[in-house]
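Undergrad: coords below, sequence missing:
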């Protein structure tokens, strides 16, 4: 997990141009997360800001890690899965082990998401059918009620 993003993502580019160290407020604003979330990630050993008294100072490395944490969360990875991937950071092997683990986790998650999508599609089809049947039944009841009232 390199501190320098090669992504064409404008948000990634914006984060690269940030100062070397940021306060918790600056991190919150830059990444759209709460200070509470940042403290939670710190308590979970996902990020490790420098502590100066009560102040937390976040490095470029912390920002890169937070970017990956937020991406992992968006994809539905558990914090345990995210931690396992982050712990494999090793520039000496060009992060091959980390990339392999991230890909395996991503493939598993994609399979889960595709299954959920299929199940959701079936549920939507069944619900539409139930609604159509309910509407038809209601029309018949109204027609019978109107005919009986005449």
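TA: Sure, I can see it. Every value quoted in this text rests on a predicted model; they were computed, and no experiment measured them.
Undergrad: which stretches of the protein form strands?
TA: Applying DSSP state E to the chain gives strands spanning 50-52, 55-57.
Undergrad: The first one: how far from the chain's middle?
TA: By that I understand strand 50-52. The chain centre lies 28 Å from the centre of strand 50-52; the measure is C-alpha atoms, centre = their mean, to the nearest Å.
Undergrad: got a list of contacts for it?
TA: Contacts with strand 50-52, where a contact means C-beta atoms under 8 Å, 6 or more residues apart in numbering, come from 21, 56-59. C-beta: built from backbone N, CA, C; applies to glycine.
Undergrad: rerun that using 6 Å as the cut-off
TA: The contact list for strand 50-52, computed with C-beta atoms under 6 Å, 6 or more residues apart in numbering, reads residue 57.
Undergrad: Mean confidence (pLDDT) on that strand, please.
TA: What strand 50-52 shows for mean pLDDT is 93.
Undergrad: in its sheet, what does that strand sit against?
TA: When sheet partners are counted by DSSP bridges, strand 50-52 sits next to strand 55-57 (antiparallel).
Undergrad: tell me the mean pLDDT for the top helix by length along the chain?
TA: Counting by DSSP state H, the longest helix found in the chain is helix 96-149. Mean pLDDT, computed over helix 96-149, is 95.
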